[in-house]
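> Have a look; sequence and predicted model below, questions after that.
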Amino acid sequence: MKKFSIVIAGGGSTFTPGIVLMLLDNLDRLPIRQIKFYDNLAERQDHIADACRIIINEKAPEINFVSTTNPKEAFTDVDFVMAHIRVGLYAMREKDEKIPMKHGVVGQETCGPGGIAYGMRSIGGVLELIDYMERYSPDAWMLNYSNPAAIVAEATRKLRPHSKIINICDMPVGIEERMAQSIGLKSRKEMVVRYYGLNHFGWWTDIRDLEGNDLMPQIKKHVSQHGYSLLEEVEASQHVDASWMDTFAKAKDLYAVDPETLPNTYLKYYLYPQDAMEHEDPDYTRANQVMDGREKHVFGECDKIVERGTSEGMTLEIDEHASYIVDLARAIAYNTHERMLLIVENKGAVANFDETAMVEVPCIVGVNGPEPLVQGEIPRFQKGMMEQQVAVEKLVVEAWAENSYQKLWQALTLSKTVPNARVAKELLDDLLEANQEFWPELH
Ligand SMILES: NC(=O)c1ccc[n+]([C@@H]2O[C@H](COP(=O)([O-])OP(=O)(O)OC[C@H]3O[C@@H](n4cnc5c(N)ncnc54)[C@H](O)[C@@H]3O)[C@@H](O)[C@H]2O)c1
Ligand SMILES: O=P(O)(O)OC[C@H]1O[C@H](O[C@H]2[C@H](O)[C@@H](O)[C@@H](O)O[C@@H]2CO)[C@H](O)[C@@H](O)[C@@H]1O
Ligand SMILES: [Mn+2]
């Protein structure tokens, strides 16, 4: 049986050890002969790589492990590129969150002005990875979950239309796990869903069990009372950060706006921006929580593994829910025709919506990649919101490609999170100043 070679781009990511542990836990489903790490920051990647080398040696010594900042070494002889880079690191995420808040606007990693600023940084980084992949392993596929996935996906559609890249997000997977648990199912894999939207901006319209029984009424009942929060003892066993608990609970208010569908949690930034801001300390945002929480924990644990020379007693955990990435790789490698939610060019999947929009819909995935499933016409409310948001995303990519200050101002003005063109311009000028090192020059 063929064994695969994988490069993780963004080897220094806080998610890398959890993903490596998950890959090692899934070797029966996706046999691996080689894992490589690639990052453009050796100092950061080394902490994670030195620990992962020990873990791999202990759990699967037959796997060849390489950690490098050399693109040729990283991208040669690979079947899959799993990409999760963060251009500008948490230092820039912090600015993405804090600058908008100074202007009274939602400050968030992927939504609103923060997401737009992050998009302007990510596009170049992800395109560079695609170019390395195509130069050194032209048959490989890139499975990209670098954010902001909506803007990155539009950039790849427009600027690398023939590349073998699939953009994917774990948020629907995470929410579906919660839906399943809320009604007593063991796994989201016991559900078949219909869903449409943009990334971090969508709605479930139909959820059935494997026999075809409608599960929506039970799930809606739970969401109308608790959002996507679970019983206390289940939450306690899952180590969920308080900010995520707020987000899951807020789905109750999102659901109230349209009880025909079930919402993606991040719609809260568009439908209840003031409420979202009330939960935020403008001097200590999610970036600070992540730096003091996940980043310290992951890097601290990696350093301990290296000091001790063994992973025994480590508290790093398998990123179970990231196994959707293995499902995706398997679907391509073995032509499994798995049904998965992916970010793909619309081409009629949402019938009354821009054909060229990058939408998030269920797809059947096989050796040729994803084939979107038709979701039909969508209602006026969702269509209105999606038209506005997709225009923002397309304007950002046009601004990046054309070096256009005007288009980026239009993108910010059009974002539902920004009150008017004056605030949009003030925000743009502050974000521009902060991002000089990363954005293309705008004129
Ligand atoms: N799509 C999803 O559902 C999903 C889920 C979780 C995380 N993410 C994304 O995964 C990424 C990683 O998140 P994190 O919090 O672990 O960030 P992180 O900062 O810990 O890791 C990102 C790594 O990328 C590296 N990097 C930055 N620019 C690069 C470039 N041009 N080339 C190569 N490497 C580069 C950095 O040096 C860093 O080591 C982010 O984009 C995040 O938003 C996406
Ligand atoms: O604020 P962060 O860095 O913790 O998370 C931002 C990412 O959030 C989403 O992923 C969540 C997922 O939705 C949730 O269920 C839980 O399992 O944690 C995940 C990551 O922490 C989102 O999909 C990503 O795009 C965001 O980057
Ligand atoms: Mn996501």
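In hand now; what should we look at? Ligands and ions are numbered 1, 2, ... in the order given.
> Against residue 26, how distant is residue 54?
In this view, residue 54 and residue 26 are 20 Å apart by CB to CB, to the nearest Å. For glycine as for every other residue, the C-beta is placed from the backbone atoms N, C-alpha and C.
> swap in residue 168?
As defined by CB to CB, residue 168 lies at a distance of 16 Å from residue 26.
> Looking at those two, which is more packed in?
residue 168 (23 against 19; other CB atoms under 10 Å).
> quick one, what contacts that one?
Under the criterion of CB atoms under 8 Å, 6 or more residues apart in numbering, the contact list for residue 168 reads 143, 144, 145, 149, 324, 325, 328, 340, 341, 342, 343.
> can I get those in CSV with distance to ligand 3?
What follows is the contacts of residue 168, written out as CSV (distance: CB to the ion, whole Å):
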residue, distance to ligand 3
143, 13
144, 11
145, 7
149, 6
324, 11
325, 13
328, 14
340, 14
341, 11
342, 12
343, 9
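> near ligand 1, which of those show up?
When CB under 6 Å from any ligand atom is taken as the criterion, the members of the contacts of residue 168 that contact ligand 1 are 145, 149.
> Sort out for me which of the contacts of residue 168 are in strands.
With strands identified by DSSP state E, the entries of those that belong to them are 143, 144, 340, 341, 342, 343.
> so the third one sits right up against residue 362, yeah?
It stands for residue 340. Yes. Distance between residue 340 and residue 362: 7.0 Å, which falls inside the contact criterion (CB atoms under 8 Å).
> Strands of the protein, start to end?
Counting by DSSP E, one finds strands in the chain at the ranges 4-9, 32-38, 64-68, 80-83, 141-144, 165-167, 191-198, 201-209, 262-263, 338-345, 358-366, 369-372.
> What's the local residue count around residue 209?
14.
> Isn't it up against residue 191?
Yes. When contacts are counted by CB under 8 Å, residue 209 is listed as touching residue 191 (6.6 Å).
> so what sits against both of the two?
With contacts taken as CB under 8 Å, 6+ apart, the residues that reach both residue 209 and residue 191 are 185, 215.
> that older thread, show me how to select, in PyMOL, the buried members of the ones in strands among the contacts of residue 168.
Buried members of the ones in strands among the contacts of residue 168, defined by 16 or more other CB atoms under 10 Å, are picked up in PyMOL with:
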select buried, resi 143+144+340+341+342+343
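> and which of the ones in strands among the contacts of residue 168 is nearest residue 89?
Checking the ones in strands among the contacts of residue 168 against residue 89 by CB to CB gives residue 144 as the nearest, at 18.2 Å.
> Just the pLDDT for the residue in the stretch 301-443 of the chain positioned nearest to ligand 1.
Nearest to ligand 1, among the residues of the stretch 301-443 of the chain, is residue 322, at 8.3 Å (CB to the nearest ligand atom). Model confidence at residue 322, given as pLDDT, is 92.
> I'd guessed it sits against residue 15; true?
Yes. Applying CB under 8 Å, one finds residue 322 in contact with residue 15, separated by 7.2 Å.
> Pull the number of nearby residues for residue 1.
Considering only other CB under 10 Å, residue 1 is surrounded by 3 other residues.
> distance of it from residue 32?
From residue 1 across to residue 32, the span is 11 Å (CB to CB).
> which residue ranges form the helices in the stretch 1-150 of the chain?
Taking DSSP state H, counting those that start in this stretch as the criterion, the stretch 1-150 of the chain carries its helices at 16-25, 42-59, 71-75, 89-102, 112-136, 149-159.
> what's the answer for the stretch 251-400 of the chain, then?
For the stretch 251-400 of the chain, the helices defined by DSSP H, counting those that start in this stretch cover 268-271, 273-278, 286-290, 296-308, 323-334, 380-402.
> Compare those helices and give me the one nearest ligand 2.
The closest approach between ligand 2 and any of those, judged by CB to the nearest ligand atom, belongs to helix 286-290 at 4.8 Å.
> List the neighbours of the closest one that are in contact with it.
The contact list for helix 286-290 (CB under 8 Å, 6+ apart) reads 14, 90, 93, 94, 96, 97, 108, 109, 241, 243, 280.
> Out of these, which are close to ligand 2?
Restricting the contacts of helix 286-290 to contacts with ligand 2 (CB under 6 Å from any ligand atom) yields residue 109.
> Would you tell me which one of the contacts of helix 286-290 comes nearest to ligand 1?
Using CB to the nearest ligand atom, residue 14 comes nearest to ligand 1 of the contacts of helix 286-290, at 3.7 Å.
> need the contact list for that closest one.
Applying CB under 8 Å, 6+ apart, we find residue 14 in contact with 290, 294, 295, 298, 299.
> Write the ChimeraX selection for whichever of these are buried.
With 16+ other CB under 10 Å as the criterion, this ChimeraX line picks the buried residues out of those:
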select :290,295,298,299
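> Compile the contacts of residue 14 into a markdown table and extend it with columns for pLDDT.
Supplementary listing: those in a markdown table, determined by pLDDT from 0 to 100:
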| residue | pLDDT |
| --- | --- |
| 290 | 98 |
| 294 | 97 |
| 295 | 98 |
| 298 | 98 |
| 299 | 98 |
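> With distance to residue 376 as extra columns, can I get the contacts of residue 14 in a markdown table?
As requested, those are exported to a markdown table (distance: CB to CB, whole Å):
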| residue | distance to residue 376 |
| --- | --- |
| 290 | 38 |
| 294 | 39 |
| 295 | 43 |
| 298 | 42 |
| 299 | 47 |
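> I'd like the contacts of residue 14 as JSON lines, with distance to ligand 1 appended.
Conversion of those to JSON lines gives the following (distance: CB to the nearest ligand atom, whole Å):
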{"residue": "290", "distance to ligand 1": "6"}
{"residue": "294", "distance to ligand 1": "7"}
{"residue": "295", "distance to ligand 1": "6"}
{"residue": "298", "distance to ligand 1": "8"}
{"residue": "299", "distance to ligand 1": "9"}
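> farthest-separated two in the contacts of residue 14?
Pairwise distances among those were taken by CB to CB; the largest, 12.0 Å, belongs to 290 and 299.
> Tell me who's in contact with the residue nearest to residue 319 when sequence neighbours are not counted.
The spatially closest residue to residue 319, leaving aside those adjacent along the chain, is residue 18, at 3.1 Å (CB to CB, 6 or more residues apart in numbering). Under the criterion of CB under 8 Å, 6+ apart, the neighbours of residue 18 are 316, 317, 318, 319, 322.
> Quick check, pLDDT for residue 18.
For residue 18, the model assigns a pLDDT of 97.
> which phi and psi does residue 212 have?
phi 100, psi 10 (degrees, to the nearest 10).
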